[in-house]
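In: this one's structure only:
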């Protein structure tokens, strides 16, 4: 017991502010998904209808006045935040031809629910699209003990697909 | 320091003025300048520093239960009870140091009952038990179930100190009503483990990279109830800390839909060195959860092995081994509703056939992800010793969590 207490004390004394669960910086994610030649970032200023659709998915307004994205042909990339239990989860999405090409948890700030960073979870979104009810075209399996994190990323996936639709229309017009 | 945000009114004014100005053609340069100004205003608004309020986290959950049971002799038990009203408060001191707490009121009404005394039956109290209390009559309790400071040590390791939930079982750490089936918590995790179970001390939690393997190590205050495990929870209320408890858990969540976990705990003295005939004890528990599509399977086993000498009472000697298990299957036939069936077997020991079984079937309906309405039917079949205490009937529950 004394050894355990000593180890614990040493670890406590060495505690300092760290980056937390930063798996990949957003800039690095954008560079990677566009093969180090990312297009110039564009912004969407959600109108009333789009804001209402986003609020319907998230249960609240999305923070910020604009949403930044990167677009190349039919391919868009997004870095979005949504709170899991207490803190935002930063997640990167790549949408290609209206379907999810990639989901990656970039920054995870909580001590529970980190399982969502695993490929076994994010791979579930591969080629997912939105149906007419703005729901995903599939069920995403929950992770016991990480329900709030699963819920947050699933909602963001729907938002990313919705924003991609808006971005495609915006550019065409 | 809180900062006002005058920029939104400025932005609104700019836009309003643009509509009241005399109509005239806007050049491309003017339009681009206006776009740049709007983007700068939006940058300023979006980059406002987080207020102190954003470092405060508030949450909670609650449960209202209706129980309608009948014993073999026809004795009925009908009760409406706001079983739990829980508030979570947390605060982020920094990115790597945070406070988390959980305060609970049980059974709605608490009254000073210092003059109240009653005998706690072996194995603790079960919903439906009647106690005769001299003095106070309020059934409630106010409990501090969590209050700890957590420190991030590395990307894959954090430590905490204070009062926290023991890392054992499924519902001990995750027990919001929206997360499990059935109005009442399963008897194995309440009667054997014994949830909800919290202690004071320190713990270390870590993960091995992306392997899906995580671990918990804890050194905490111990139980003080002898062979009455549930009754031995001291709740960090002037807890006798003569003898600590040491807990270790390994969990695997590296495969889609699967959680496997095992906990081993050593209690160095189940009476905090007050009874030489009841000494140390070991708790072993393991569980599996498997989600596939809309189906889920849960199974859990827990076992206590308590060192009881031959000088102890016959009753204590007969309670040196206590264990139980349950298996539960559930199916969400639509995203907002699911059905379940659970089979429970447990034995808190004692002289004679003391094994108990309970079968539960029911349905959960989530009108919102944070609200649940439950209905279930329970059927108990106990061994000869406890047969007269069987309680069959139904339960209705309303729960919420945010």
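Out: Looks like it arrived, so ask away. What you are looking at is a predicted structure, and each value in this text was computed from that prediction instead of being measured. Numbering: from 1, shown residues only, chains lettered A, B, ... in the order given.
In: Just checking: what are the partner strands of the one helix or strand residue B:341 maps to?
Out: Counting by DSSP states H and E, the element that carries residue B:341 is strand B:337-347. Strand pairing for strand B:337-347, determined by DSSP bridges: strand B:321-334 (antiparallel), strand B:356-368 (antiparallel).
In: What lies in contact with it?
Out: B:181-182, B:186-188, B:191-192, B:294, B:322-333, B:354-366, B:376 (C-beta atoms under 8 Å, 6 or more residues apart in numbering or on different chains). Where C-beta positions appear, they are placed from N, C-alpha and C, glycine not excepted.
In: mind running it again at 7 Å?
Out: Strand B:337-347 is contacted from outside by B:181-182, B:186-188, B:191-192, B:322-333, B:354-365, using C-beta atoms under 7 Å, 6 or more residues apart in numbering or on different chains.
In: Spell out the residue ranges of the strands in the stretch 151-300 of chain B.
Out: B:157-165, B:198-207, B:213-221, B:244-252, B:258-267, B:278-292, B:295-308 (DSSP state E, counting those that start in this stretch).
In: So what's the residue count around the spatially closest residue to residue B:98 that is not a sequence neighbour?
Out: Of all residues not flanking residue B:98 in the chain, residue B:92 sits nearest, at 4.8 Å (C-beta to C-beta, 6 or more residues apart in numbering or on different chains). The number of residues packed near residue B:92 is 19, by other C-beta atoms under 10 Å in any protein chain shown.
In: pretty sure residue B:92 is touching residue B:54, no?
Out: No - taking contacts as C-beta atoms under 7 Å, residue B:92 lies outside contact range of residue B:54: 8.3 Å.
In: how about low-confidence regions in the stretch 1-150 of chain B?
Out: Low-confidence segments of the stretch 1-150 of chain B (pLDDT under 70): B:1-24, B:49-53, B:113-117, B:130, B:132-137.
In: Tell me the pLDDT of the closest residue to chain A within the stretch 101-250 of chain B.
Out: Nearest to chain A, among the residues of the stretch 101-250 of chain B, is residue B:151, at 4.3 Å (C-beta to the nearest C-beta). Residue B:151 carries a pLDDT value of 95.
In: What does the closest residue to chain A within chain B show for phi and psi?
Out: Closest residue of chain B to chain A, C-beta to the nearest C-beta: residue B:256 (3.7 Å). Note on residue B:256: its backbone torsions stand at phi -60, psi 130 [degrees, to the nearest 10].
In: Without its sequence neighbours, what residue ends up closest to it?
Out: What sits nearest to residue B:256 in space, not counting adjacent residues and going by C-beta to C-beta, 6+ apart, is residue A:120, at 3.7 Å.
In: Residues in contact with the strand of greatest length in chain B: which ones?
Out: The residue-count maximum for a strand in chain B (DSSP state E) belongs to strand B:76-92. Counting by C-beta under 7 Å, 6+ apart, the neighbours of strand B:76-92 from elsewhere in the structure are A:86, B:55-70, B:98-108, B:128, B:391.
In: what residues are up against the nearest residue to residue A:146 once chain neighbours are set aside?
Out: Distances taken as C-beta to C-beta, 6+ apart place residue A:113 nearest to residue A:146, at 3.8 Å, with adjacent residues excluded. Residue A:113 makes contact with A:84, A:85, A:146, A:148, A:149, according to C-beta under 7 Å, 6+ apart.
In: What helix or strand is the last one located in?
Out: I take that to be residue A:149. Judged by DSSP H and E, residue A:149 forms part of helix A:147-172.
In: Buried ones in that helix, by neighbour count?
Out: By 16 or more other C-beta atoms under 10 Å in any protein chain shown, the buried positions in helix A:147-172 come out as A:147-168.
In: now swap in stretch B:237-252 and tell me
Out: So, applying 16+ other C-beta under 10 Å, buried residues of stretch B:237-252: B:239, B:241, B:243, B:244, B:245, B:246, B:247, B:249, B:251.
In: As TSV, those residues with pLDDT and distance to residue B:215 would be great.
Out: TSV is the format used below for the buried residues of stretch B:237-252 (pLDDT from 0 to 100; distance: C-beta to C-beta, whole Å):
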residue	pLDDT	distance to residue B:215
B:239	95	25
B:241	95	25
B:243	96	24
B:244	97	19
B:245	98	17
B:246	98	14
B:247	98	11
B:249	98	7
B:251	96	7
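In: if we look at chain A, which of those residues are close to it?
Out: Contacts with chain A within the buried residues of stretch B:237-252, counted by C-beta under 7 Å from any C-beta of the partner chain: residue B:244.
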